[in-house]
Structures are given as C-alpha cells and as structure tokens.
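Undergrad: sequence and predicted structure below; questions after.
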Amino acid sequence: MIPPIDDFAAKMGNSDVERQLAALLRQQSEEDRLQFIRQLIAIGQPKCFRAALRLVKSCLKSRESLLEILNQGLRQADASVIENWIEAVIAGLGFKRVLSVLSERIESDPESVIKARYWLPKWIPEGNKSATDAVHALDELIASRIKESPQLQTWFRSIQGFPEKGT
C-alpha cells in the first residue's frame with residue numbers, strides 16, 4: 001500500500017525518496033499508479049510536478065494511462081511546460097502515436113496542438129522520412145485551422161510576437 005501523498009509531497013526532488021516511491025508504485029496496479037501521479041501533479045508545486053512526470057516515465061506502462069497523461073498535459077500546459085508532458089510519454093507511446101493524438105485534437109483544441117508542435121522536432125526519429133512527412137502533414141492541418149479562424153489567427157500572431165492589425 002502506498003502511504004498518503006502528503007507523506008511524499010514535501011520530499012519530492014530527493015532522488016532517494018523518488019526511487020523508493022517508484023519502487024512502491026511499481027508494486028501497485030496501473031490504476032493506482034496513475035491515480036497517485038495525478039494527485040502529485042494536482043498539488044501544484046513545481047518539484048511535485050517534475051517528480052510526477054519522472055514517475056510517469058518509470059512507472060506507467062499502459063497506453064491508456066500514457067494517453068491520459070498526454071491529454072491532461074495538452075489541456076493544462078502552457079507553452080513553457082508542454083515539452084515536459086510530451087517527454088514524459090513519448091518513449092511509451094511512440095512518436096507517431098503522439099502525432100496522431102495531436103492531429104485528432106486540431107479541431108477541438110488547436111492552441112494546445114500548436115504549443116506542442118513547437119517541440120516535436122526534438123523527438124523526430126533520425127532519418128525517418130515518414131515521421132518527417134507526418135510532421136509536415138500536421139503543419140498543414142495547423143495552417144488550415146489558423147486560416148479558418150480569425151480568433152486563432154489573433155492568438156497565433158500574439159504568441160509569435162507579431163503586432164496586431166492596426167497597432
């Protein structure tokens with residue numbers, strides 16, 4: 001049984017404590033591991049957040065759990081930390097699965113896709129033309145979505161530092 005999260009929250013950032021916690025979590029069911037990691041993220045402290053994402057990499061094994069973490073990151077993350085969410089799941093899900101999730105999400109949440117897209121080159125498998133082509137296809141979806149939406153155009157210009165019309 002995993003001790004209460006409060007017993008660990010103050011100790012996050014200590015590599016020995018995190019290794020012990022990971023060992024405890026690996027003895028639990030996937031659902032219990034996922035629940036603990038969700039709670040650790042919800043604490044809202046940077047050291048707990050970073051520890052939770054390290055635990056994602058070392059403790060979560062099911063595709064469903066990893067997809068849940070990726071989708072949570074896409075919903076919650078700002079541009080400065082979305083990279084961390086992707087990094088936590090990409091080894092378990094694979095580059096193409098992450099791209100697939102982003103492509104499926106472009107209509108419902110284009111901002112998160114655009115923020116995530118910025119970081120994708122970091123994980124393109126070297127020499128993998130199909131992965132590069134898939135990123136280009138995502139770029140085309142993003143460009144099309146931006147073109148269709150005046151609000152998205154304004155938001156996109158603002159994150160790129162372009163002046164708004166009339167300013």
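TA: Great, that's in hand. Bear in mind that the values here come from a model prediction, so they are computed numbers and not experimental data.

Undergrad: ok, the residue sitting nearest the centre point of the chain to residue 76 distance?
TA: Centroid check for the chain by CA atoms, centre = their mean gives residue 85 as the closest residue, at 2.7 Å. As judged by CB to CB, to the nearest Å, residue 85 and residue 76 stand 8 Å apart. Where C-beta positions appear, they are placed from N, C-alpha and C, glycine not excepted.

Undergrad: tell me which helix or strand comes right after the helix or strand hosting residue 37.
TA: Using DSSP states H and E, the element containing residue 37 is helix 30-42. Downstream of helix 30-42, the next assigned helix or strand under DSSP H and E is helix 46-59.

Undergrad: determine the set of other helices and strands touching whichever helix or strand comes after that following helix.
TA: For helix 46-59, the succeeding helix or strand toward the C-terminus, using DSSP H and E, is helix 63-76. Under the contact criterion of 3 or more CB pairs under 8 Å, 6 or more residues apart in numbering; DSSP states H and E, helix 63-76 touches helix 30-42, helix 82-93, helix 95-105, helix 110-119.

Undergrad: quick one: closest of those helices to residue 57.
TA: Closest approach to residue 57 among the helices and strands packed on helix 63-76 (CB to CB): helix 82-93, 5.5 Å.

Undergrad: where in the protein is pLDDT low?
TA: In the predicted model of the chain, residues 1, 3, 160-167 satisfy pLDDT under 70.

Undergrad: now do the helix ranked longest in the chain against helix 95-105, angle only.
TA: Secondary structure of the chain per DSSP state H: the longest helix is helix 129-148. Per axes from the mean of the first three to the mean of the last three CA atoms, to 10 degrees, the angle that helix 129-148 makes with helix 95-105 is 20 degrees.

Undergrad: buried residues of helix 129-148, list them for me.
TA: If you call a residue buried by 16 or more other CB atoms under 10 Å, then helix 129-148 has these buried ones: 131, 134, 135, 138, 141, 142, 145, 146.
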